[in-house]
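In: I'll drop the sequence and a predicted model, then ask my questions.
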Amino acid sequence: MTAFTLASSILLEATGSRHSSWIWIHIIMGCMFPGNVVWHLYLHFGWKAWFQKLRKQVSPVTRSLAIFTLLTIISAVVAFIHWVGSFTHSALGGIHGKIGLAFLIPTIGHTIKRIGFYRSKRYPV
(Lines give C-alpha, C1' and ligand atoms only; values in the text may rest on other atoms or scores of the structure.)
Protein backbone atom coordinates (compact mmCIF):
# COMPACT_ATOMS: atom_id res chain seq x y z
CA MET A 1 0.00 0.00 0.00
CA THR A 2 2.86 2.37 0.84
CA ALA A 3 4.54 1.81 -2.52
CA PHE A 4 1.28 2.32 -4.45
CA THR A 5 0.49 5.50 -2.54
CA LEU A 6 3.98 6.84 -3.18
CA ALA A 7 3.74 5.92 -6.88
CA SER A 8 0.36 7.62 -7.28
CA SER A 9 1.70 10.69 -5.45
CA ILE A 10 4.68 10.91 -7.80
CA LEU A 11 2.36 10.46 -10.78
CA LEU A 12 0.16 13.32 -9.58
CA GLU A 13 3.24 15.54 -9.23
CA ALA A 14 4.51 14.55 -12.69
CA THR A 15 1.17 15.28 -14.37
CA GLY A 16 0.43 18.40 -12.36
CA SER A 17 -2.78 16.74 -11.10
CA ARG A 18 -4.41 17.39 -14.47
CA HIS A 19 -6.10 14.01 -14.90
CA SER A 20 -9.03 13.41 -12.57
CA SER A 21 -8.88 9.63 -13.02
CA TRP A 22 -5.42 9.55 -11.38
CA ILE A 23 -6.66 11.82 -8.62
CA TRP A 24 -9.58 9.48 -7.92
CA ILE A 25 -7.22 6.49 -7.84
CA HIS A 26 -5.05 8.39 -5.34
CA ILE A 27 -8.12 9.26 -3.25
CA ILE A 28 -9.32 5.64 -3.19
CA MET A 29 -5.88 4.40 -2.19
CA GLY A 30 -5.66 7.20 0.36
CA CYS A 31 -8.92 6.01 1.92
CA MET A 32 -7.60 2.46 2.22
CA PHE A 33 -4.29 3.55 3.76
CA PRO A 34 -5.73 4.74 7.13
CA GLY A 35 -7.70 1.50 7.25
CA ASN A 36 -4.44 -0.40 6.98
CA VAL A 37 -2.93 1.78 9.72
CA VAL A 38 -5.86 1.01 12.04
CA TRP A 39 -5.58 -2.71 11.25
CA HIS A 40 -1.82 -2.57 11.89
CA LEU A 41 -2.37 -0.90 15.28
CA TYR A 42 -5.07 -3.43 16.15
CA LEU A 43 -2.71 -6.33 15.36
CA HIS A 44 -0.06 -4.83 17.64
CA PHE A 45 -2.13 -3.51 20.54
CA GLY A 46 -5.70 -4.80 20.21
CA TRP A 47 -8.64 -2.47 20.69
CA LYS A 48 -8.08 -1.81 24.37
CA ALA A 49 -6.00 1.20 25.30
CA TRP A 50 -4.08 1.29 22.01
CA PHE A 51 -3.83 5.07 22.17
CA GLN A 52 -2.08 4.96 25.55
CA LYS A 53 0.27 2.20 24.36
CA LEU A 54 1.07 4.14 21.20
CA ARG A 55 1.61 7.34 23.19
CA LYS A 56 4.11 5.58 25.46
CA GLN A 57 6.28 4.44 22.55
CA VAL A 58 9.83 5.70 22.95
CA SER A 59 10.86 5.25 19.32
CA PRO A 60 11.05 8.65 17.59
CA VAL A 61 10.11 6.95 14.30
CA THR A 62 6.92 5.51 15.80
CA ARG A 63 6.03 8.88 17.33
CA SER A 64 6.67 10.69 14.03
CA LEU A 65 4.57 8.11 12.19
CA ALA A 66 1.67 8.75 14.56
CA ILE A 67 1.94 12.54 14.19
CA PHE A 68 2.38 12.50 10.41
CA THR A 69 -0.46 9.99 10.02
CA LEU A 70 -2.81 12.38 11.77
CA LEU A 71 -1.55 15.43 9.85
CA THR A 72 -1.75 13.59 6.53
CA ILE A 73 -5.35 12.50 7.15
CA ILE A 74 -6.44 15.99 8.23
CA SER A 75 -4.74 17.67 5.27
CA ALA A 76 -6.18 15.03 2.91
CA VAL A 77 -9.73 15.74 4.05
CA VAL A 78 -9.24 19.49 3.63
CA ALA A 79 -7.62 19.08 0.19
CA PHE A 80 -10.34 16.64 -0.90
CA ILE A 81 -13.13 19.03 0.09
CA HIS A 82 -11.46 21.83 -1.85
CA TRP A 83 -10.81 19.62 -4.89
CA VAL A 84 -14.41 18.33 -5.03
CA GLY A 85 -15.65 21.92 -4.78
CA SER A 86 -13.44 23.32 -7.54
CA PHE A 87 -11.76 20.40 -9.37
CA THR A 88 -8.53 22.38 -9.30
CA HIS A 89 -5.21 21.68 -7.64
CA SER A 90 -4.54 24.17 -4.88
CA ALA A 91 -1.93 25.07 -2.32
CA LEU A 92 -3.88 22.84 0.08
CA GLY A 93 -3.10 19.86 -2.13
CA GLY A 94 0.54 20.89 -2.23
CA ILE A 95 0.70 21.11 1.55
CA HIS A 96 -0.96 17.69 1.79
CA GLY A 97 1.62 16.31 -0.64
CA LYS A 98 4.53 17.58 1.43
CA ILE A 99 3.06 16.29 4.70
CA GLY A 100 2.24 12.99 2.99
CA LEU A 101 5.81 12.64 1.75
CA ALA A 102 7.06 13.37 5.26
CA PHE A 103 4.74 10.53 6.37
CA LEU A 104 5.74 8.06 3.65
CA ILE A 105 9.50 8.36 4.20
CA PRO A 106 9.46 7.02 7.80
CA THR A 107 6.74 4.54 6.77
CA ILE A 108 9.07 3.06 4.16
CA GLY A 109 11.86 2.93 6.76
CA HIS A 110 9.49 1.32 9.27
CA THR A 111 8.57 -1.34 6.71
CA ILE A 112 12.14 -2.01 5.54
CA LYS A 113 13.36 -2.36 9.14
CA ARG A 114 10.80 -5.12 9.71
CA ILE A 115 11.03 -6.89 6.35
CA GLY A 116 12.77 -9.84 8.02
CA PHE A 117 9.60 -10.48 10.00
CA TYR A 118 7.63 -10.99 6.80
CA ARG A 119 10.35 -13.08 5.19
CA SER A 120 10.46 -15.41 8.19
CA LYS A 121 6.75 -16.23 7.89
CA ARG A 122 5.85 -19.45 6.15
CA TYR A 123 2.64 -19.19 4.20
CA PRO A 124 0.95 -22.23 2.65
CA VAL A 125 1.23 -22.31 -1.12
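Out: Here it is on my side, so go on. Predicted model only: the values in this text are computed from it and were never measured. Numbers count the residues shown, from 1 in each chain.
In: chain center to the lowest-mean-pLDDT helix or strand in the chain, what's the gap?
Out: Here the helix or strand of the chain ranked lowest by mean pLDDT, DSSP states H and E is helix 50-55, holding a mean of 75. Taking C-alpha atoms, centre = their mean, to the nearest Å, one finds helix 50-55 lying 19 Å from the centre of the chain it belongs to.
In: And for stretch 78-97?
Out: 17 Å.
In: now do stretch 14-29
Out: 16 Å.
In: Any regions of the protein where pLDDT drops low?
Out: For the chain, applying pLDDT under 70 flags the ranges 121-125.
In: So which residues of it form helices?
Out: Along the chain, the stretches classed as helices by DSSP state H are 2-15, 20-45, 50-55, 60-86, 91-113, 115-120.
In: Let me have those helices in CSV, adding mean neighbour count as columns.
Out: Where C-beta positions appear, they are placed from N, C-alpha and C, glycine not excepted. Formatted as CSV, those follow (neighbours: other C-beta atoms under 10 Å):
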stretch, mean neighbour count
helix 2-15, 14
helix 20-45, 14
helix 50-55, 12
helix 60-86, 15
helix 91-113, 16
helix 115-120, 8
